[in-house]
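J.: Take a look and give me a structure for this.
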Amino acid sequence: MTTSKSIALMTAIGNNAVLTPSDIATISRIGEIEDYEHFLSKKAQMNEGDGFNPLWMPDFLFDFQRVLVDWALNRGRAAIFADCGMGKTPMQLVWAENVSRYTGKSVLIITPLAVAAQAVKNIEDAARQQAEQVEMLFA
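T.: This next block holds a predicted model:
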């Protein structure tokens, strides 16, 4: 019997309380509740900054996109919930490139089939913009 269960049971007996079946069930669940609270405390992700500083931040991102990608990379565990038209695809590509460079591994991007064609178009546009910037550097 856990300490909390023992204390609850001794308190009830010491007070000459009449224990109902509901009381007994509650006392027997105290350990389960403590175990569950302990389980939840281990799952909490309160740690800030498990990530890393960006290794690459291209010019084609807008300032607000740079801030979001920087935040997500530094946070380590993050999600960017941006509205339609806010440039989620370029942000995810820059995030993925940074993770790939940092880890030396590939990054798998999964997207719903309904938006896959739009994602491919956005990727092609971003690649074209990046190529144009490189050409201007060497012109």
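J.: all helices in this protein, in order from the N-terminus.
T.: For the chain, applying DSSP state H gives helices covering 3-14, 21-43, 63-75, 88-103, 113-138.
J.: Can you flag the weakest of the ones you listed by average pLDDT?
T.: For those, mean pLDDT drops lowest on helix 3-14, to a mean of 53.
J.: Format the helices of the chain as a markdown table; extra columns: mean neighbour count and distance to Trp56.
T.: (Glycine included, C-beta is placed from N, CA and C.) Formatted as a markdown table, the helices of the chain follow (neighbours: other CB atoms under 10 Å; distance: least, CB to CB, whole Å):
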| stretch | mean neighbour count | distance to Trp56 |
| --- | --- | --- |
| helix 3-14 | 13 | 53 |
| helix 21-43 | 11 | 33 |
| helix 63-75 | 16 | 10 |
| helix 88-103 | 18 | 6 |
| helix 113-138 | 11 | 11 |
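J.: Turn those into TSV, columns for distance to Gly51.
T.: Below are the helices of the chain laid out as TSV (distance: least, CB to CB, whole Å):
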stretch	distance to Gly51
helix 3-14	38
helix 21-43	19
helix 63-75	5
helix 88-103	9
helix 113-138	22
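J.: how about the ones you listed, which one is nearest Asp50?
T.: Ranking the helices of the chain by distance to Asp50, with CB to CB as the measure, places helix 63-75 first at 7.3 Å.
J.: From the contact counts, what lies against the closest one?
T.: Packed against helix 63-75 by the contact rule (3 or more CB pairs under 8 Å, 6 or more residues apart in numbering; DSSP states H and E) you find helix 88-103.
J.: Tell me what angle the helix it packs on forms with helix 63-75.
T.: Comparing the axes of helix 88-103 and helix 63-75 via axes from the mean of the first three to the mean of the last three CA atoms, to 10 degrees yields an angle of 40 degrees.
J.: Summarise which helices and strands helix 88-103 is packed against.
T.: Helix 88-103 packs on helix 63-75, helix 113-138, going by 3+ CB pairs under 8 Å, 6+ apart.
J.: Tell me how far it lies from the chain's centre.
T.: 15 Å (CA atoms, centre = their mean, to the nearest Å).
J.: quick check: angle from that helix to helix 113-138?
T.: 70 degrees.
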